[in-house]
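In: quick one, fold the following:
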Amino acid sequence: MYIISNAVKNISRNKGRNSIMAVIIFAIILTTAVSIIINTTTSAIIKDYKARFGAEVSITPNYKMLQDQESAKNFKPLTTEQQIQFGKSNLLQSTKFTASVQISPRNLKSLDESENDNMMVQALSGANRADGTKMPEITALKAKILGSNNPTDNDDFKHGLRKITSGKMYKNLNQCIVSEQYAKLNNLSVGQTIEVDSFYKDDPMPHKLTITGIYSDNTMVGKNNAEKSALSNRNNEILTSFDTAISMKMFKEMGNTSVQYYLKDPAKLSVYEKELRQKGLSKYYKVSTDEAGYKKVVGPVEGLTKITNTFLIVVLILGVSILILLSTLAIRERKYEIGVLRAMGMKKYKVAFGLLTEMLVITGICLILGLGTGKVISQPVANYLLADQIELSKENNNMGNEVRGSTQALGQTSSTEAEPLSKLKIKLSSDAAIQIILISLVLGGISSFAGIMHVTKYEPIKILAERN
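Out: Sure, this is the predicted structure:
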């Protein structure tokens with residue numbers, strides 16, 4: 001107890017020297033606190049955003065290779081089965097499957113039916129195909145089947161343009177939901193079964209669907225359906241599951257599949273591509289990711305993390321070096337004091353413990369002040385650095401516009417229109433606080449240890465002799 005109380009008294013006895021030491025320790029702890037608080041916050045944001053955003057993968061024809069006639073002959077479009085198989089990977093964050101098929105329900109009316117629909121039928125019915133064969137006779141296109149593997153992730157429902165008002169969302173095979181406008185026009189209600197047909201006149205390929213829900217549809221609000229075409233009116237869309245859509249006979253004949261793959265990490269693209277090749281993806285397709293869009297959104301925050309990491313390392317290296325030097329010089333000045341204590345019979349470890357206690361008390365006071373101050377100034381510092389990173393990101397994006405434009409012209413999707421993460425809510429988490437406390441204690445321990453090792457290697461008689 002005496003050693004601790006004496007150490008505390010020594011701090012006040014040597015105010016000048018300890019004040020300089022305290023200022024330096026405070027500055028180091030403050031910069032460390034700001035860096036770690038920003039770091040832990042941005043790391044959590046990046047991790048969360050990666051989990052929600054992923055990185056969209058595009059599987060598109062390699063048009064450069066297909067310019068060769070021999071390659072063009074061997075090129076085959078991806079089948080629905082292949083696209084589904086490609087979605088089964090542990091590297092993917094999520095996969096969105098969408099199936100669509102245009103239909104012509106014989107026993108149901110559609111909104112905006114007009115002569116335009118019949119004119120299209122007349123143009124296509126019996127027309128010559130590219131291979132010289134003729135198309136079969138068809139009837140008017142009156143509606144569309146849309147199947148999705150994840151209806152809750154549908155943009156229209158997420159943004160409030162569509163909402164279930166009666167019944168519930170489809171869950172099982174051969175269930176569907178229809179719009180209020182479509183239900184009213186055909187006197188439909190939840191629980192009824194409807195029959196949808198293909199647009200082939202002599203081969204309707206009927207399929208029965210049970211209505212489980214009716215939704216309000218505002219997708220056409222404010223839009224002028226100038227063509228007055230049933231097919232262009234989205235109120236005529238019948239929504240069902242992806243499995244239901246691809247199980248329809250008419251889908252196998254004339255349906256389309258759209259798939260969006262989202263990687264957990266864009267850096268895993270090459271691994272995912274290798275996996276796709278093993279599953280049979282042709283060399284005539286190329287695999288790419290919208291890394292530009294991903295970097296535009298998350299890049300500024302990642303840049304902020306790199307800056308704070310670098311700053312933290314530099315500050316700790318310089319700070320420890322300065323503290324070791326100051327501690328060594330300070331203890332050398334106190335050699336006589338230490339020699340007297342040793343001559344009085346105090347053991348080396350007790351002298352060392354007293355000196356360490358002094359440094360830890362100073363460090364503890366600076367830690368409390370540094371944590372409080374760091375918590376306050378971390379937000380404005382982060383805002384300033386992030387704004388700078390966003391500006392730098394915009395400049396890089398402008399330089400790459402020409403390249404991305406040519407990429408999109410080849411059919412690759414891009415999400416670079418997304419806005420970057422421009423606001424961060426910085427907070428002092430428990431993990432950050434623990435890191436700061438541990439670093440501060442280690443900092444105080446290392447700086448005092450160097451000085452202690454320097455002075456305790458001398459015997460008391462030698463110290464006192466040098467003093468004389």
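
In: would you map the helices across the stretch 201-350 of the chain?
Out: All helices of the stretch 201-350 of the chain, identified by DSSP state H, counting those that start in this stretch, fall at 242-247, 249-254, 269-278, 291-333, 335-343, 348-399.

In: least confident of those, on average?
Out: Ranked by mean pLDDT, those bottom out at helix 335-343, with a mean of 67.

In: ranking the helices of the stretch 201-350 of the chain by burial, who's on top?
Out: helix 242-247 (a mean of 20; mean count of other CB atoms under 10 Å). Any C-beta I mention is one placed from the backbone N, CA and C, and that applies to glycine too.

In: show residues contacting that one.
Out: 80, 97-101, 145-149, 170, 173-176, 209, 251-252, 255, 257 (CB atoms under 8 Å, 6 or more residues apart in numbering).

In: what do you get if the cut-off is 6 Å, keeping everything else the same?
Out: Here helix 242-247 makes contact (CB atoms under 6 Å, 6 or more residues apart in numbering) with 80, 97, 99, 145, 147, 148, 149, 173, 174, 251.

In: check stretch 269-276 too.
Out: Against stretch 269-276 from outside (CB under 6 Å, 6+ apart): 86, 89, 91, 287, 289.

In: sorry, back to before: let me have the helices of the stretch 201-350 of the chain in JSON lines, extended by distance to residue 16.
Out: Formatted as JSON lines, the helices of the stretch 201-350 of the chain follow (distance: least, CB to CB, whole Å):
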{"stretch": "helix 242-247", "distance to residue 16": "76"}
{"stretch": "helix 249-254", "distance to residue 16": "85"}
{"stretch": "helix 269-278", "distance to residue 16": "60"}
{"stretch": "helix 291-333", "distance to residue 16": "10"}
{"stretch": "helix 335-343", "distance to residue 16": "16"}
{"stretch": "helix 348-399", "distance to residue 16": "13"}
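
In: of those, which is nearest residue 66?
Out: helix 269-278 (17.8 Å; CB to CB).

In: out of the contacts of helix 242-247, which are buried?
Out: Among the contacts of helix 242-247, the ones that count as buried by 16 or more other CB atoms under 10 Å are 80, 97, 99, 145, 147, 148, 149, 174, 251.

In: lowest mean pLDDT among the helices and strands, pick that one out for the chain.
Out: Least confident helix or strand, the chain: helix 401-409 with a mean of 41, by mean pLDDT, DSSP states H and E.

In: quick one: which of the contacts of stretch 269-276 is nearest residue 392?
Out: residue 289 (22.0 Å).

In: any chance of the contacts of stretch 269-276 in CSV, plus distance to residue 64 and neighbour count?
Out: Output for the contacts of stretch 269-276, formatted as CSV (distance: CB to CB, whole Å; neighbours: other CB atoms under 10 Å):
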residue, distance to residue 64, neighbour count
86, 22, 22
89, 26, 18
91, 26, 14
287, 15, 20
289, 19, 24
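
In: and those residues as JSON lines, adding pLDDT and distance to residue 201?
Out: Converted to JSON lines, those look like this (pLDDT from 0 to 100; distance: CB to CB, whole Å):
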{"residue": "86", "pLDDT": "91", "distance to residue 201": "36"}
{"residue": "89", "pLDDT": "90", "distance to residue 201": "42"}
{"residue": "91", "pLDDT": "90", "distance to residue 201": "46"}
{"residue": "287", "pLDDT": "88", "distance to residue 201": "41"}
{"residue": "289", "pLDDT": "78", "distance to residue 201": "44"}
